[in-house]
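Colleague: sequence isn't available, so here's the structure alone:
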């Protein structure tokens, strides 16, 4: 049976959220993702999700956002998460998901892809390197988490 890579249906949001939780387990983080199907559906205007459907069973997902690079002067795809169930790996599912997402964003003007890889996820590092992604070691991720964000917005810092 062939794998159908397509946009997520709203009723599949819970399964996709479960995959994101599986990604956290896969990389061995203690951080528990707060994503739920309800939150994913509520963010439908912000995030584009494509899934890999193997005969009615979701085996992978790619979650992407439109971004803009001032350095490139161009819009691009920011991959938030890309995950394939362990038993489905080695079948080009991740490649198909990423390519489908890239095509969807290219139709909206995207000219590049940007993403982050957890330092412990060596399989993902190899996957992206094979595809020609350049690792930007000079970039450092900085995050103002939700509680500190609220303080910042409120002028309490």
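Modeller: Thanks, I have it. Please read these numbers as outputs of a predicted model, since none were measured by experiment.
Colleague: CA only for contacts and neighbour counts going forward, please
Modeller: Fine.
Colleague: avg pLDDT for stretch 71-85?
Modeller: In this model, stretch 71-85 has an average pLDDT of 96.
Colleague: for that stretch, buried residues please.
Modeller: By neighbour count on 16 or more other C-alpha atoms under 10 Å, the buried set for stretch 71-85 is 75-85.
Colleague: what sits against residue 35?
Modeller: By C-alpha atoms under 8 Å, 6 or more residues apart in numbering, residue 35 lies in contact with 17, 20-21.
Colleague: whichever strand in the chain runs longest packs against which elements?
Modeller: Looking across the chain with DSSP state E, the single longest strand is strand 57-69. Strand 57-69 is packed against helix 13-27, strand 48-54, strand 74-84, helix 93-106, with contacts defined by 3 or more C-alpha pairs under 8 Å, 6 or more residues apart in numbering; DSSP states H and E.
Colleague: now do the shortest one and helix 93-106, the angle between them.
Modeller: Here strand 48-54 runs at 150 degrees with respect to helix 93-106, directions being taken by axes from the mean of the first three to the mean of the last three C-alpha atoms, to 10 degrees.
Colleague: now swap in the longest one and tell me
Modeller: Angle of helix 13-27 versus helix 93-106, following the same axes, to 10 degrees, is 120 degrees.
Colleague: one step back: pick the most buried one from the helices and strands packed on strand 57-69.
Modeller: Of the helices and strands packed on strand 57-69, the one with the most neighbours on average (mean count of other C-alpha atoms under 10 Å) is strand 48-54, at a mean of 23.
Colleague: which neighbouring elements make contact with that strand?
Modeller: Looks like strand 48-54 contacts strand 4-7, strand 57-69, helix 93-106 (3+ C-alpha pairs under 8 Å, 6+ apart).
Colleague: walk me through which strands whichever helix or strand comes after the last one pairs with, and which way each runs.
Modeller: Downstream of helix 93-106, the first helix or strand assigned by DSSP states H and E is strand 113-115. Paired strands of strand 113-115, with direction, are strand 74-84 (parallel) (DSSP bridges).
Colleague: okay, the angle between the strand it pairs with and strand 57-69?
Modeller: Using the same axes, to 10 degrees, strand 74-84 lies at 160 degrees relative to strand 57-69.
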